[in-house]
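> the sequence and its predicted three-dimensional model are supplied below.
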Amino acid sequence: MSSQYIFLPHTPEIINTSIPLVSSKSESNRAIIIQNLSKKEIKLYNLAEARDTQTMLRLVKSTNQTLDVLDAGTTMRFLTAFCAASNRRTILTGTERMQQRPIGILVDALKAIGTEIQYLNKEGFPPIAIKKFQQISNKVSVRGDVSSQYISALLMIAPILSQGLTIHLIGEVGSIPYITMTLALMKRFGISYEWEGNAIVIPHQKYSGGDYTIESDWSGASYWYSLVALSENGSLFLEGLRENSFQGDYAIIEIMQQLGVKTEFNDKGAKLTKTGNQPDFEYDFTHCPDLAQTISVICAAKGVNAKLTGLKSLRIKETDRIAAIQEELAKMSVNVEIIGDEAIYIPKSSIVLTENLPINTYDDHRMAMAFAPLACIHSLKIEDPSVVNKSYPSFWKHLELVGIKGIIKLKNTLI
């Protein structure tokens, strides 16, 4: 087995250029499910190159009984609901880490409306076997504070159910923008709904046909905001971003106004320009958790006194992202304090980097990309550069456009 790392040279000044930003994985995956639930033709353009999306495309059309989603959490959750509503006998499995990521909330909801599902190993976790489906109820209650993907999965199948579906959200609802994105895409293809209080009501109806172009990815945009903030002469143009976006990570605009980057739109995308930042920062990431790693690194690098809250969902991502952030920043003499189960405190400090100290990625694409912008202040090496294929396969090539030419090397070889 071989292992690699990428060496990024110290590049304090970046080239003012245009980045052909990757397409949104979140929009792509939802659009693919809607496309395959519709009886009318839907043409999708600019689908994400992300491995998760390519896995979704492959599996949604597969005739195999066993579907291996690899490490794609969204794909696992969306396909579970899709296969159930399609009354398709299916076994859904994934990587070792995927089999540690909970799916019980979604399975319980699907059972409540008439799906026969069996756990094949550990209760509450993949792999699972979908046996059959016959709707017995048009109402279901779902916790809103664990993963919005469970809710989105149920929303998208709701219109094709013979009785429709009313989803009652229990407790605090996290990542609301991802739910509104799902509903906005459904509405784009003819679906009507009512959302009053904690109940979303979707009657039985048909998806319409049409064309749709996927927007560029605001999660992916965050790494370029970080580069602008940490460079000496920051300015970049990001192609394909919309001023009126469905994506929750659009919040990066507001966040980076505080951390030293302003955003200006035209009809082709967004221009980023470096400005001054505030000495203190506090933000609730409940509705945009995928931005937390990027912002943690920016705050540490800029010596900002920061408190990040609303991080509960980071515990069940590709890795325990809260622990991973703490461990990697500790290597750089930044002592991150974990507060309870969903907040971190980053004290004002001077980050210390050395060339021979690798950044571990924990099989997490966002760890690699969140730390890469540190090349603006010091050379560094990041282990397992291929991990970015999950969401942004062209990331390292795009870094070269701004003048950061990474060198991928073989770390070691084990026989």
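In hand now; what should we look at? Residues are numbered from 1 along each chain as shown.

> in which helix or strand does I34 reside?
If you go by DSSP states H and E, I34 is part of helix 25-37.

> where along the protein do the helices fall?
25-37, 51-60, 73-85, 104-112, 148-157, 176-188, 218-230, 252-258, 292-302, 321-330, 365-371, 395-401 (DSSP state H).

> using CSV, lay out these together with mean pLDDT and distance to I346.
Any C-beta I mention is one placed from the backbone N, CA and C, and that applies to glycine too. Below are these laid out as CSV (pLDDT from 0 to 100; distance: least, C-beta to C-beta, whole Å):
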stretch, mean pLDDT, distance to I346
helix 25-37, 97, 27
helix 51-60, 95, 29
helix 73-85, 97, 26
helix 104-112, 97, 31
helix 148-157, 96, 26
helix 176-188, 94, 24
helix 218-230, 97, 15
helix 252-258, 97, 14
helix 292-302, 94, 5
helix 321-330, 90, 7
helix 365-371, 94, 13
helix 395-401, 97, 24
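
> out of those helices, nearest to K131?
Proximity to K131 (C-beta to C-beta) singles out helix 73-85 among the helices of the chain, at 9.5 Å.

> about what we covered before: any chance of the helices of the chain in a markdown table with distance to I130 and mean neighbour count as columns?
A markdown table is the format used below for those (distance: least, C-beta to C-beta, whole Å; neighbours: other C-beta atoms under 10 Å):
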| stretch | distance to I130 | mean neighbour count |
| --- | --- | --- |
| helix 25-37 | 15 | 24 |
| helix 51-60 | 13 | 22 |
| helix 73-85 | 5 | 26 |
| helix 104-112 | 8 | 19 |
| helix 148-157 | 12 | 26 |
| helix 176-188 | 21 | 19 |
| helix 218-230 | 30 | 27 |
| helix 252-258 | 37 | 19 |
| helix 292-302 | 33 | 26 |
| helix 321-330 | 30 | 20 |
| helix 365-371 | 28 | 27 |
| helix 395-401 | 35 | 17 |
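
> including distance to L165, could these go into TSV?
TSV is the format used below for the helices of the chain (distance: least, C-beta to C-beta, whole Å):
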stretch	distance to L165
helix 25-37	13
helix 51-60	21
helix 73-85	10
helix 104-112	10
helix 148-157	7
helix 176-188	12
helix 218-230	28
helix 252-258	33
helix 292-302	32
helix 321-330	32
helix 365-371	32
helix 395-401	38
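
> which among those is found nearest to S18?
Comparing the helices of the chain by C-beta to C-beta, helix 395-401 comes nearest, at 8.0 Å.

> kindly export the closest one (C-alpha atoms) in PDB.
Taking Å, rounded to 0.1, in the frame of the first residue of the first chain, the C-alpha atoms of helix 395-401 are listed here in PDB:
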ATOM      1  CA  PHE A 395      -8.600  21.600  -6.100                       C
ATOM      2  CA  TRP A 396      -4.800  21.200  -6.400                       C
ATOM      3  CA  LYS A 397      -4.900  22.100 -10.100                       C
ATOM      4  CA  HIS A 398      -6.900  25.200  -9.300                       C
ATOM      5  CA  LEU A 399      -4.300  26.200  -6.600                       C
ATOM      6  CA  GLU A 400      -1.700  26.300  -9.400                       C
ATOM      7  CA  LEU A 401      -3.800  29.000 -11.100                       C
END
